[in-house]
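1. Just to be clear, the model below is a prediction. Sequence and coordinates:
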Amino acid sequence: MSTRYRLGDLLTVDELAEKLHVAVKTIRDWVYRRKVPYTKLHGHLYFSGQWAEAALDNAAREPLPAGHPGTIVRRRNTKKETEIQPGKEDAK
């Protein structure tokens, strides 16, 4: 199976890492594990910008509606803090 790339659409390792907000090492690991399509030209790795956009689109998730069982409800600390006034000893 052959994949065709457009020259203007190619991203370097650094550009792809920045676009996906991951480390360069992660991109190189994905290449090693063949988790990302790439092409190699004169010893340099290049990636499809269209693939990067599709990967970002596929990773997007819709927010859950309020009250959904999967939503996290953050509560403020309801414990009241008691002030210790100077000069008063603890009566224990």
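-> Nice, I can see it. Numbers count the residues shown, from 1 in each chain.
2. May I ask which helix or strand encompasses the nearest residue to Thr39 once chain neighbours are set aside?
-> Counting by C-beta to C-beta, 6 or more residues apart in numbering, Tyr46 is the residue found nearest to Thr39 once chain neighbours are left out, at 5.1 Å. Where C-beta positions appear, they are placed from N, C-alpha and C, glycine not excepted. In this structure, Tyr46 sits in strand 44-48 according to DSSP states H and E.
3. After that strand, which helix or strand is next?
-> helix 49-59.
4. mean confidence score for that next one?
-> When pLDDT is averaged over helix 49-59, the result is 86.
5. name the helices or strands packed onto it?
-> In terms of contacts (3 or more C-beta pairs under 8 Å, 6 or more residues apart in numbering; DSSP states H and E), helix 49-59 is packed against strand 10-11, helix 13-20.
6. Strand partners (parallel or antiparallel) of the shortest one?
-> What that stands for is strand 10-11. The strands beside strand 10-11 in its sheet (DSSP bridges) come out as strand 44-48 (antiparallel).
7. Quick one: low-confidence residue ranges for this structure.
-> Scanning the chain with the threshold set as pLDDT under 70 gives 1-7, 70-75, 77-92.
8. now the angle from the strand holding Tyr46 to helix 13-20?
-> With axes from the mean of the first three to the mean of the last three C-alpha atoms, to 10 degrees as the basis, strand 44-48 and helix 13-20 are set at 30 degrees to each other.
9. Excluding chain neighbours, what is closest to Leu56?
-> Leu20 is the one closest to Leu56 (C-beta to C-beta, 6+ apart), at 7.1 Å.
10. Pull the contacting residues for the residue nearest to Thr39.
-> Tyr46 is in contact with Tyr5, Leu10, Leu11, Thr12, Tyr38, Thr39, Lys40, counting by C-beta atoms under 8 Å, 6 or more residues apart in numbering.
11. Ranking by neighbours, what's the top pick from those?
-> Compared across those, Leu11 has the highest neighbour count, 21 neighbours, by other C-beta atoms under 10 Å.
12. just to revisit the earlier point, next, the buried residues of the strand holding Tyr46.
-> Residues of strand 44-48 classed as buried: Leu45, Tyr46, Phe47, Ser48 (neighbour count, 16 or more other C-beta atoms under 10 Å).
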